[in-house]
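> Give me coordinates for this.
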Amino acid sequence: MIFLTSDPHFGHSNIIRYMDRPFESVEEMDETLIKNFNRVVGPYDTLYILGDFTMHENYEKTMTYRKQINCRYIHLVCGNHDRRFYSGYPEAGKLPPFETEKDYLEIYHKCTQFCLSHYPFLSWHGRELGAIMCHGHIHANKRTNEINQWQRLRRFDVGVDANDYTPVSLDYILDFFEKPLEEIFS
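Residues are numbered from 1 along each chain as shown. This is a model prediction of the structure:
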C-alpha cells in the first residue's frame, strides 16, 4: 500500500507552539508521530514524505528518526526545511536515509494521477483530467481538505496537522473525494 504524509518536523520543539500541537515536549511529539506512522504503515508499504522530515542538518539525527519508522521504502519530496545534504552520503560510504529525494513527483494509483509536492499548487498537471494534488507545508487542519472537497478542488493536504498526526493512504484520498458532500459535512 502507498501512504503519504508531510511536515512531521521531527526534533523541532518550536513547531509545538507554532502549530498548537497537543504535545508537552518534542520527545512526546516525536514518539507519538513514530508510533502513528508504524501503526498504519507496514514494513513493505511505500511511504512518501512530502517535506520537512526533520529540522536537523545532521546525518546521525536524521537516521535516528528514519530507523524508527518500520517502513523499508520511504521517499522524500523535499520541503523548505529539508536539505539536499542527505544525497551526498553514498559517496561518503553511508546509507542514504531515503530511497529517493525529489522536489516534485507524479505517481499513478488506480488510474488516477497524484501530483506530489511539499507546496500546494493552484494548478497542476492533469488537473482538468481528475489528477489529485497532494501537498503539505501549510499546516492546515482537516477543514481545509473538506472545503477543497466541497469546492470540487482535488487538492489534499497530507500534512500530519491535517490528518491526526498519521499518514494517509492513496485509497483513503481517493475515497475522500468520492464521498457525498452530506457525508463530509455531517
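
> export stretch 74-83 as PDB, just CAs?
Only the C-alpha atoms of stretch 74-83 are listed here, as PDB (Å, rounded to 0.1, in the frame of the first residue of the first chain):
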ATOM      1  CA  ILE A  74      10.500   5.800   2.300                       C
ATOM      2  CA  HIS A  75      10.800   8.500  -0.400                       C
ATOM      3  CA  LEU A  76      11.300  12.200   0.400                       C
ATOM      4  CA  VAL A  77       9.800  15.000  -1.700                       C
ATOM      5  CA  CYS A  78      11.900  17.900  -0.300                       C
ATOM      6  CA  GLY A  79      10.400  20.700   1.600                       C
ATOM      7  CA  ASN A  80      11.700  24.100   2.700                       C
ATOM      8  CA  HIS A  81      13.300  22.600   5.800                       C
ATOM      9  CA  ASP A  82      14.900  19.600   4.100                       C
ATOM     10  CA  ARG A  83      18.400  19.900   2.900                       C
END
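
> how near is M1 to K61?
Counting by C-beta to C-beta, to the nearest Å, the separation of M1 from K61 is 28 Å. The C-beta positions use only the backbone N, C-alpha and C, and glycine is treated the same way.

> If I look at K61, what pLDDT would I see?
For K61, the pLDDT comes out at 85.

> Please report phi then psi for it.
phi -70, psi -40 (degrees, to the nearest 10).

> Ok, G11 next?
For G11, the backbone dihedrals (degrees, to the nearest 10) come out as phi 80, psi 0.

> Need the per-residue pLDDT for it.
Turning to G11, the model gives it a pLDDT of 94.

> and if you look at D161?
Per-residue pLDDT puts D161 at 98.

> Need the three-state assignment for it.
Here D161 is recorded as helix under DSSP: H, G, I helix; E, B strand; the rest coil.

> Provide a list of residues in contact with it.
D7, M19, R21, H139, A140, N141 (C-beta atoms under 8 Å, 6 or more residues apart in numbering).

> mind listing what the second one touches?
Meaning M19. M19 sits next to H139, D161 when contact means C-beta under 8 Å, 6+ apart.

> From F53, how far off is it?
16 Å.

> related to what we said a few turns ago, selecting buried members of the contacts of D161 in ChimeraX, what would you type?
Here is the ChimeraX command that picks out the buried ones among the contacts of D161, judged by 16 or more other C-beta atoms under 10 Å:
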select :7,19,21,139,140
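
> now, among the contacts of D161, which is nearest to M29?
Distance to M29 across the contacts of D161 (C-beta to C-beta) is lowest for R21, with 6.1 Å.
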